[in-house]
Structure formats: structure tokens, C-alpha cells
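*Asks:* Generate coordinates for the sequence data below:
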Amino acid sequence: MDRVILLLSVMCVGVSSQPITEYQRLFSIAVGRVQYLHLVAKKLFSDFENSLQLEDQRQLNKIFLKDFCHSDYFLSPIDKHETQRSSVQKLLSISYRLIESWEFSSRFLVASFAVRTKVTSKLSELKTGLMKLIEANQDGAGGFSESSVLQLTPYGNYELFACFKKDMHKVETYLTVAKCRLFPEANCTL
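*Replies:* Sure thing, here's the model as predicted:
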């Protein structure tokens, strides 16, 4: 899976005939990391749903519609148009906060130890990469202060998987929009 994402990242960046900058390389790596995390989140959620009886699934869907993910309380774009109008700095900062919010919660994913360890590692790498991108993008435009680690109430299993999937999709979208805005030669279609 990692090789596929790395290959896709290299292909996306390699489309341009111009030399790749360190900033572009970091963006490609970050997008690749979040694409991997989003795929894992979708698989974990699907596996969990498939393990439930149909009636249990319906009941959980009803309950989940009333509950919200912790990230629903973060200030973030509410739709596609607002996302596309948001600054690169804002998209990077929101992505950083979303990833940071999952560093602790990811330890409770009901998955094999190897999968859980890999997810935790990828989240940590992505957080570090996002911080570098935020710093490189600032160009003297005010400092970014790392948010304090949130003390969040624990999720139930269904909410954990559903919110992880939802949040990784958000981060993937935000980073893709930011990358496309910064590097038009990447031939992005939003």
C-alpha cells in the first residue's frame, strides 16, 4: 500500500518538467500519507460494519446521525465552495489540528497491533510534515501556535471508525485543494 501511494505521489509531482522543490516534495508526501490513512480508515470502518448484523447497523446509523465527531466543533470550511476559498495556511492549520486530535484516539482503533502501530506512526509523520509546511508557508505572516492537546471524551467503536474515516477524508480534501492551489502544474481536478 505504501509503495502505491509513493508511486502516485512521484507520478503526480513528476508531471511537471520543472524541478521539484522541497516544498512540493513535502506536499506530495503529506498528501500520500493522508491518502494512505483515509484508505485504512475506510477499510476499518467497512470491516467493522460488515461484522455487525443489519439491524445493529441501522441502529448505529440512527444514533450516529444524532452524535457528532469531536472535529465537528473545530472551525473549518462547511462545504466545497468555502474549502476552495480558504487560504492555504488555513487549510494546513485545520489539517494539522485534525491530525493532532487523532494521535491519542488512534490508539483505540480495534485493529491488529501492526495496523494500529502503523496508523499511529503515519499520523505522527503527517503531523510533523504539516508543521513544516505551515512554517514554510508563513513567509512572515504571523506565527502559528500549536494547539494544546485536546482532552476528548472517548468514542464508542462505531463512532471511532466513522469519525476517523470522516476526518481523514477532510484532511485529504484540504491538502489536495492546498496543493492544487500552490502547484497548478500538478493538473488537479477538484
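*Asks:* host element of the residue of the chain most remote from its centre?
*Replies:* Each residue of the chain has a distance to the centre, and by Cα atoms, centre = their mean the biggest one is for residue 55: 30.5 Å. Using DSSP states H and E, residue 55 maps to helix 54-66.
*Asks:* and the gap between residue 160 and residue 117?
*Replies:* 17 Å (Cβ to Cβ, to the nearest Å). (C-beta placed from N, C-alpha, C; glycine too.)
*Asks:* more neighbours, these two?
*Replies:* Neighbour comparison, residue 160 and residue 117: the larger count goes to residue 160, with 21 against 13 (by other Cβ atoms under 10 Å).
*Asks:* What residues sit buried inside whatever helix or strand that one lives in?
*Replies:* If you go by DSSP H and E, residue 160 is part of helix 157-182. Buried residues in helix 157-182, defined by neighbour count with 16 or more other Cβ atoms under 10 Å: 158-168, 170-181.
*Asks:* do stretch 41-59 as well
*Replies:* Of all the residues in stretch 41-59, those buried under the rule 16+ other Cβ under 10 Å are 41, 44, 45, 48, 49.
*Asks:* Same list, those, but as TSV with secondary structure please.
*Replies:* Shown next, in TSV, are the buried residues of stretch 41-59 (DSSP: H, G, I helix; E, B strand; the rest coil):
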residue	secondary structure
41	helix
44	helix
45	helix
48	helix
49	helix
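*Asks:* Need the mean per-residue confidence for the helix holding residue 55.
*Replies:* For helix 54-66, the mean pLDDT works out to 65.
*Asks:* Which SSE is immediately downstream of it?
*Replies:* helix 80-85.
*Asks:* tell me which strands and helices that following helix is in contact with?
*Replies:* helix 157-182 (3 or more Cβ pairs under 8 Å, 6 or more residues apart in numbering; DSSP states H and E).
*Asks:* Quick check: residue 92 touching residue 134?
*Replies:* Yes: Residue 92 lies in contact with residue 134 (Cβ atoms under 8 Å); the separation is 4.9 Å.
*Asks:* Same drill for the two, tell me which one is more crowded.
*Replies:* Taking neighbours as other Cβ under 10 Å, residue 92 and residue 134 compare with residue 92 leading, 25 against 18.
*Asks:* Now do the contacts for the more buried one.
*Replies:* Residue 92 makes contact with 130, 133, 134, 137, 174, 175, 178, according to Cβ atoms under 8 Å, 6 or more residues apart in numbering.
*Asks:* contacting residues around the fourth one?
*Replies:* Meaning residue 137. Counted by Cβ under 8 Å, 6+ apart, residue 137 has contacts 88, 89, 92.
*Asks:* Okay, and which of those residues map to helices?
*Replies:* Taking DSSP state H, the ones among the contacts of residue 137 that sit in helices are 88, 89, 92.
*Asks:* Read off the pLDDT value for the second one.
*Replies:* As summarised for this prediction, residue 89 has a pLDDT of 93.
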